[in-house]
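S.K.: Any chance you could fold what I've pasted below:
(chains A, B, C, D, E and F)
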Number of protein chains: 6
Amino acid sequence: MGVAAILAHMTDLVTFGETMLRLSPPDHERLETTATLELRAAGAESNVAIAAQRLGADAVWTSKLPDSPLGRRVATELRSHGLETAVAWSDEGRQGTYYLEHGAAPRGTNVVYDRSDAAVTTTRPEDLSLDSVRDAAAFHTSGITPALSDTLESTVADVLETAQAAGTTTTFDVNYRGKLWSPESARATLTDLFSAVDVLVTAERDARDVLAREGSAEEIARGLADDHGFETVVVTRGDAGALALHDDAVHECPAVETETVDPIGTGDAFVGAFLARRIAGDDVPTALEYGTATAALKRTIPGDAAVVTREEVESVVDADAREISR
Amino acid sequence: MGVAAILAHMTDLVTFGETMLRLSPPDHERLETTATLELRAAGAESNVAIAAQRLGADAVWTSKLPDSPLGRRVATELRSHGLETAVAWSDEGRQGTYYLEHGAAPRGTNVVYDRSDAAVTTTRPEDLSLDSVRDAAAFHTSGITPALSDTLESTVADVLETAQAAGTTTTFDVNYRGKLWSPESARATLTDLFSAVDVLVTAERDARDVLAREGSAEEIARGLADDHGFETVVVTRGDAGALALHDDAVHECPAVETETVDPIGTGDAFVGAFLARRIAGDDVPTALEYGTATAALKRTIPGDAAVVTREEVESVVDADAREISR
Amino acid sequence: MGVAAILAHMTDLVTFGETMLRLSPPDHERLETTATLELRAAGAESNVAIAAQRLGADAVWTSKLPDSPLGRRVATELRSHGLETAVAWSDEGRQGTYYLEHGAAPRGTNVVYDRSDAAVTTTRPEDLSLDSVRDAAAFHTSGITPALSDTLESTVADVLETAQAAGTTTTFDVNYRGKLWSPESARATLTDLFSAVDVLVTAERDARDVLAREGSAEEIARGLADDHGFETVVVTRGDAGALALHDDAVHECPAVETETVDPIGTGDAFVGAFLARRIAGDDVPTALEYGTATAALKRTIPGDAAVVTREEVESVVDADAREISR
Amino acid sequence: MGVAAILAHMTDLVTFGETMLRLSPPDHERLETTATLELRAAGAESNVAIAAQRLGADAVWTSKLPDSPLGRRVATELRSHGLETAVAWSDEGRQGTYYLEHGAAPRGTNVVYDRSDAAVTTTRPEDLSLDSVRDAAAFHTSGITPALSDTLESTVADVLETAQAAGTTTTFDVNYRGKLWSPESARATLTDLFSAVDVLVTAERDARDVLAREGSAEEIARGLADDHGFETVVVTRGDAGALALHDDAVHECPAVETETVDPIGTGDAFVGAFLARRIAGDDVPTALEYGTATAALKRTIPGDAAVVTREEVESVVDADAREISR
Amino acid sequence: MGVAAILAHMTDLVTFGETMLRLSPPDHERLETTATLELRAAGAESNVAIAAQRLGADAVWTSKLPDSPLGRRVATELRSHGLETAVAWSDEGRQGTYYLEHGAAPRGTNVVYDRSDAAVTTTRPEDLSLDSVRDAAAFHTSGITPALSDTLESTVADVLETAQAAGTTTTFDVNYRGKLWSPESARATLTDLFSAVDVLVTAERDARDVLAREGSAEEIARGLADDHGFETVVVTRGDAGALALHDDAVHECPAVETETVDPIGTGDAFVGAFLARRIAGDDVPTALEYGTATAALKRTIPGDAAVVTREEVESVVDADAREISR
Amino acid sequence: MGVAAILAHMTDLVTFGETMLRLSPPDHERLETTATLELRAAGAESNVAIAAQRLGADAVWTSKLPDSPLGRRVATELRSHGLETAVAWSDEGRQGTYYLEHGAAPRGTNVVYDRSDAAVTTTRPEDLSLDSVRDAAAFHTSGITPALSDTLESTVADVLETAQAAGTTTTFDVNYRGKLWSPESARATLTDLFSAVDVLVTAERDARDVLAREGSAEEIARGLADDHGFETVVVTRGDAGALALHDDAVHECPAVETETVDPIGTGDAFVGAFLARRIAGDDVPTALEYGTATAALKRTIPGDAAVVTREEVESVVDADAREISR
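M.R.: Here you go, the predicted structure:
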């Protein structure tokens, strides 16, 4: 992703995946007894696009939505963050939703998916803005997308290949969801896709449990790069920060300590900021710093989206946030 | 439904149908821009059971729900009204939902159904509390239920026959929903079911548009009774009130004037109150008065359910409600 | 209440009575199912003081409250309107409350009182700011206060006599509450008090049902004045406006048409504005206009209190309110 | 409580006590300034019944409520959890309430009781469902109930004796409330009741301060069992967990670490789960584990009630809750 | 605005003006006592752009905003509707706000402007996206903009001339605001601008009170067209609908009857829809129908923005909206 | 401030400064995306007056407000705490506001001031209640006030001199705000004012960064007292508590540990309580204890104001707050 290459692109980043409506009781109320729900748009790949846009990238989210108030609700909220939405509006299929209960130890945060038969599950490559994909600096999707339907598994493979063939850097987050498929199915499908992926992001836990990798985070990164020829491998490690392997060099970045308000979307915020800064020409260590800082800020914000400014992220990178600014 | 017959029954009324979660923006907000949704349980047949229970009947709602916080949310709310819930908890299928936008002229109130693949659509007779059905004074369902799946069409037919065979009065509300099926499909399916129905309730509009009836409301009632052998036919006429044909006599009851807060569930409130009073031994004109009064009160109450007391209904029947009671 | 007399007083108006916490479900929700309640301070006599203060009078509310967060909640809200609160803080007795459901025809607005054993019911004259009463231009209470306890019946009699003896104009609103006592008890108690009352306000309905008056509103006013020697009698007639008898002249004032948001406190707003303008030296017809205009505005405002400015009232009196002012 | 005995019972658990309406400002707002209150049903013995029902017991709550929207509000919410409510509806007496301010150190959580003259205080044995009590595996009440009135002190004694005579296991939680009575009064009354109690639950602090016990928790348990002949004594110790003495054996169970959202009802959740599992035939150590796990979950849930499922409790017992389940 | 001309444009409509944050108490609460405010973006010219975009036009809003969370809040919300925002981000000047109290007769809806020293007041032509203006089919602003500062008066004149010189149709809504300037000042300034305006929209009241026109609505339109050479003059007449003069022909369109939820933005919705349909090539009578239908729908929607779809508007035009669609 | 002196005063404390409307998103929502704002009155000097009033002082807040619903909103809320408000109502100038986002590490709490051209900025001494200032035991303002305008700088100097000349103790909190002025400007202005100040309160950080003091907190206090002749110097040190120099003795008081709900207003709560107790005749160490306890309680309460009672503060001073009081 050199500067010259970027200048040739009309768009910085295109992402593709399902965006759901997220329905959550206020505070720590339970779904079983709550009288109200908060409503937000939420999806791994649009979360990435939002974070990237807010960190300075020109981002496009392309996908399929039902032509209904629910589908429009998704597009309305995504556009508010400044993304371009390239949507195939469908008369078939549902708007996927998920219900979220915020936990408090020992009660875990609980996600109830209601995404079966979503309109997005029938997306074929021609439903997407392939011109944007071809013209972009980078294209991103995650392991959630191929888990949603056989059609999507095939579409993801096609679009990754289309992107790579056009010179667009392809980036992929493993993002394993145990409520969608088994580790074995995920491993089989994902490793098939990896040949068309340039930049892989994976949680260390997913690398172990799904990709069956062993050893240290660095050994995991090196093993994945060796086996699949990735240009860059990023291993995210929760409180232990993130590690990236690029040009045979390993870069580590600690996590920023946070008071967590809403943990959902942390990884997506990391990826979006990392990609935005890489596309803008920053080196890997710098991009990691932006990624971890954006991820930390995300955890302080309700909702899936990283509602941040580049200045705020840089202030965390510069580690000088004061308690009250007035 | 003579008094003697009633004394032999352990339950007054069993209803069967889908109960959804209803998600509605507050006030007149639009789905496309709202940040919050109000959450309530809602379904024609459970609405009927709630109204009947509140008017003095012992009511049971039997159906299938997903074994999830969403399904439990439905049962939790229904039980709060004092019903017994006889639920087949399912590991398969969704919890149906519907999104409701309150209108204001010229913007119509809008319902967006999201009920495909609901757990209830696979309900077979053995999933239901057939013992309750057999022991009840009356069994009720509506035209929505057979519209939801082929399985349900067959189940409704079976359960109506089971009920009738056991001496349980069968009651049925046409309840046509244009978003579920065409008038032609509805007519074909419903008229097949009518041989097992004792008491038919139909909106005058549905009788014309779906059942292809013509003439006055009385002519509609007489025609339906003649063709299908109903013991009782009730034709609801919106602002024009309701008309019932029973024992060859026609009884009319005007509607009660209302300031409408939430129109959803009006017809179900009417049916529930009408059935409760009939089961309690009241004559048809009295039951119509309770039905129209309960329907009017329902329109003043947010949500599908008629959250009323028998005393309140009787005070409307007695037409002496004061503006402020203190 | 001539100008000279007023100049001699340190306070314009002192009112005495119970102020409750008012708990009401939002919108048209029912108490039986609501998850939240709106909380406000509410009481006939403090409502009068608030309206009077906002129309230009210096008002004091004197009463007894429990020394608890609930009692302090009442005082906090009353003070916010600019009143002085002269409170006997009590370690005994409850904070009275009332629960309010907003109705919509045919469902009446419903008040559930929970005011038994309130701290105020043990109020003796020495608990009150009698110096303020003696120094005020006018002292006001209503028929609710003696209905609350025998102690209060005696205290009201004492304080009215104390006021009158000190040259303070005594004003009294019949304010019959059927949930507190029977018409017969009310009539017996109130007519005993009337000898110490200078200005009587009564709803026409109360005059008929409680005071057993007959004939036209004017005949009612003249009969009351003749029998009890009132300086002024005001008969409020709902949509028909108000009528006052003063110096043997009858003055009528039509009601202002309103879209009602919250009807509670309408009469108190009328009385407060009427008294404020009388105390300020306006003649009876002018005070009636302020009273009816303030009452109309009150009906557009949630809560018991008339949150208005004198300019707004005058703009209604001048009948030139525009739909949107910008 | 052997398995054989249980099979003979129609109900698992009957509880008796006052259930109040709980009114609390949102978040950390203060009563003195809040504009809204959250409304929930709350009472030690119904809390116990809810927890027991959710852990698998068939529970009945029997008590007296005022026949008003407020009383119905209580029954409506209790029924939502699946309990049976056996209520004596009264035309006399108030609905008890309590106001709750959530604290944050150094500001303590503050409870303002407003429960004087509640309808429940006049409850006589014949108001209750004594048949249910006699047919149940266990009957439970707490030290709050006899503290509320002399009538209730006598009623509690009668019902405990009735239960014990019928072979129903009697269980009792000391539950000392300093705002209701002195330690001396409590000790005198409670020790009189203990002869009819089979299973005693007490906080270690109450055992010391009210029951005047000394020594270690085990010594307290042994002393109480020796003096009063309890079949089982459970001593709850807050962060230190719980200890039970049964069949001369002492069983200890540590507390589960929690992030506390709402501490009210913790002890009741413990008791309800403990009893449900004992009634189901589990041994004491297992019941203690369910009790401490349910208590920990309760602390993460707003309101008095333990809105949990048996699966959730077992997942805490199995100590494998993950941060986010998706 | 012929079809050929439109095809040559990259953008359909550019609007310029101030967009404020609108702060309004919920329901009918008063500013003086409310504890919460609803927050929305609001401004005549962005309202027009939103309505136009939703009716099918590609709209751009260009203006100046402060580089602060408040300015970003405005852009965020505008973008959600699908507009492009071309913003000059300023380090100087405030974010304008307005406070809105919803009225109910006789209490008028009240607007409190707090827009002095807004960043927008220093906008110079070069701050705006003049390229978009030149490339657009139409450019729109209103009489509010030149009222805000001398700089803006000059900027509006410049931009209208720039647009007209580039062949962009210029459209202008008189939009008189008595809280910003006197009728005399407005008349002097606006008539100076009219030479660069092609399409004038004016409320009949403004034409009389500000532009000093007399006679019937048609006479007003003809007089304005004659004096200023407008291509089109539209006179809006509230409940009486709208009238347009174009190509010497007069077209009238009645208003659609509405239940008003929020009247703010009605005129802007009319203008946006009228322009969108004109730009799309519809004739004036058709555009008037879309305008009046969109205006009617706007009145049913909280906030300044017409959150509608083209299908909804067409359903009102086709006059077949049903009460509930399900 | 001896007891004798106090008895001669009609008011205990007069404070002067700007009070703003504070607008904050609920929970941790961001301004950029929130749909609602919480509204409260907030200003350093009125915060001090509120805390002082609640700790037993008779406090007056004197200032200028715009004669609008916004200005009245401020006065309404301040009066609710029992203060007297002596307000110059102005037809010119804005109501200052500030927008507050609650942070969570690493996201700082963020304040966006919108206070330019506030009505208060033109306040001249004659706008204030100078009689109250002269008759009070103490007069208080802070370094924010002279930072707001040149007029205010001059007015503050005049009023401090007027107070001191009348024998009123003058108290001053440095309260540096980096968003209002530079440290250098602040130092120059403030040190000019110090000759008329008797009691100085400063954060240790402000003493270093603004007043250019070095050394330990004690050295700072002694240096300030030596250079400016203060009767008392209080240095607040956040988590490290507070230190006071008085009569050449140094008193230290540790901070009370808190769970922080809202940190804004902590320092003002400290000052208000400290002054109230000093005015009441308590010695400096006692006043420091009340100050630190009130500051700690403030941090647990949403909003700028210390909504506490003297009993609560004393219970913290006595260090015996229990977790739940019931």
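S.K.: how much space between the residue in the stretch 51-200 of chain A that chain E sits nearest to and residue A:73?
M.R.: Residue nearest to chain E within the stretch 51-200 of chain A: residue A:80 (3.7 Å; CB to the nearest CB). In short, each C-beta sits where N, CA and C put it, glycine included. Shown here: residue A:80 relative to residue A:73, a distance of 11 Å by CB to CB, to the nearest Å.
S.K.: now swap in residue A:99 and tell me
M.R.: Per CB to CB, residue A:99 is found 16 Å from residue A:73.
S.K.: Residue A:67 too?
M.R.: With distances taken as CB to CB, residue A:67 is found 12 Å from residue A:73.
S.K.: Who has more neighbours out of these two?
M.R.: Per other CB atoms under 10 Å in any protein chain shown, whichever of residue A:67 and residue A:73 has more neighbours is residue A:73, with 23 against 17.
S.K.: which strands and helices sit next to the helix or strand containing the more buried one?
M.R.: Counting by DSSP states H and E, the element that carries residue A:73 is helix A:69-80. With contacts taken as 3 or more CB pairs under 8 Å, 6 or more residues apart in numbering or on different chains; DSSP states H and E, helix A:69-80 sits against strand A:20-24, strand A:36-42, helix A:44-54, strand A:59-66, strand A:84-90, strand B:97-101, strand B:109-114, helix E:69-80.
S.K.: Chain A against chain C: which residues are in contact?
M.R.: Residues of chain A that fall close to chain C, judged by CB under 8 Å from any CB of the partner chain: A:35, A:36.
S.K.: Would you mind naming what in chain A lies close to chain E?
M.R.: With CB under 8 Å from any CB as the criterion, chain A meets chain E at residues A:72, A:76, A:77, A:79, A:80, A:81, A:82, A:309.
S.K.: could you flag which of the residues you listed are buried?
M.R.: Burial by neighbour count, 16 or more other CB atoms under 10 Å in any protein chain shown: within these this picks out A:72, A:76, A:77, A:79, A:80, A:81, A:82, A:309.
S.K.: so who does the first one touch?
M.R.: In this structure, residue A:72 makes contact with A:65, B:31, B:32, E:309, judged by CB atoms under 8 Å, 6 or more residues apart in numbering or on different chains.
S.K.: Please repeat the previous calculation with a cut-off of 10 Å.
M.R.: By CB atoms under 10 Å, 6 or more residues apart in numbering or on different chains, residue A:72 lies in contact with A:65, A:66, A:87, A:89, A:95, B:30, B:31, B:32, B:33, E:82, E:307, E:309.
S.K.: In chain A, what residue lies closest to chain D?
M.R.: For chain A, CB to the nearest CB, closest residue to chain D: residue A:111, 3.5 Å.
S.K.: so how far is residue A:42 from that residue?
M.R.: Applying CB to CB, the value for residue A:111 to residue A:42 is 10 Å.
S.K.: Neighbour count: the two, which is higher?
M.R.: Counted by other CB under 10 Å, residue A:111 and residue A:42 do not tie: residue A:42 has more neighbours, with 26 against 17.
S.K.: how many other residues sit next to the closest residue to residue A:130 other than its chain neighbours?
M.R.: Excluding the flanking residues, the one nearest residue A:130 by CB to CB, 6 or more residues apart in numbering or on different chains is residue A:162, at 6.0 Å. Residue A:162 is flanked by 18 other residues according to other CB under 10 Å.
S.K.: Low-confidence stretches in chain A?
M.R.: A:1-9, A:320-326 (pLDDT under 70).
S.K.: Sketch out the helices for it, chain order is fine.
M.R.: Using DSSP state H, the helices found in chain A span residues A:3-7, A:44-54, A:69-80, A:130-135, A:144-147, A:150-165, A:183-193, A:204-209, A:217-228, A:266-279, A:284-298, A:310-317.
S.K.: The fifth one - contacts with which helices or strands?
M.R.: The reference is to helix A:144-147. helix A:44-54, helix A:150-165, strand A:169-173, helix A:183-193 (3 or more CB pairs under 10 Å, 6 or more residues apart in numbering or on different chains; DSSP states H and E).
S.K.: quick one on the thing from earlier: contact partners for the residue nearest to residue A:130?
M.R.: Taking CB under 10 Å, 6+ apart, we find residue A:162 in contact with A:125, A:128, A:130, A:133, A:134, A:139, A:168, A:170, A:196.
S.K.: repeat for residue A:186
M.R.: Residues in contact with residue A:186 (CB under 10 Å, 6+ apart) are A:143, A:146-147, A:174-178, A:180, A:206, A:209-211.
S.K.: 7 Å instead, please
M.R.: Each residue near residue A:186 by CB atoms under 7 Å, 6 or more residues apart in numbering or on different chains is listed here: A:143, A:147, A:176, A:210.
S.K.: and the buried ones among the residues of chain A next to chain E as CSV, adding distance to residue C:254?
M.R.: CSV is the format used below for these (distance: CB to CB, whole Å):
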residue, distance to residue C:254
A:72, 50
A:76, 49
A:77, 51
A:79, 53
A:80, 51
A:81, 56
A:82, 57
A:309, 59
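S.K.: on that earlier part again, quickly list what's touching both of residue A:111 and residue A:42.
M.R.: In contact with both residue A:111 and residue A:42: residue A:98, using CB under 7 Å, 6+ apart.
S.K.: Chain C versus the residue of the stretch 51-200 of chain A closest to chain E, what's the distance?
M.R.: Noted for residue A:80: a distance of 27 Å to chain C, by CB to the nearest CB, to the nearest Å.
S.K.: Give me the phi and psi for the residue in chain A positioned nearest to chain C.
M.R.: Chain A approaches chain C most closely through residue A:35 (4.2 Å), counting by CB to the nearest CB. Taking degrees, to the nearest 10, you get phi -100, psi -10 for the backbone angles of residue A:35.
S.K.: what about it, how many neighbours?
M.R.: 16.
S.K.: That one against residue C:33, yeah?
M.R.: No. Between residue A:35 and residue C:33 there is no contact under CB atoms under 7 Å: 8.8 Å.
S.K.: hang on, the earlier thing: want to throw the helices and strands packed on helix A:69-80 into TSV with distance to residue E:236?
M.R.: Supplementary listing: the helices and strands packed on helix A:69-80 in TSV, determined by distance: least, CB to CB, whole Å:
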stretch	distance to residue E:236
strand A:20-24	38
strand A:36-42	35
helix A:44-54	39
strand A:59-66	36
strand A:84-90	33
strand B:97-101	27
strand B:109-114	28
helix E:69-80	24
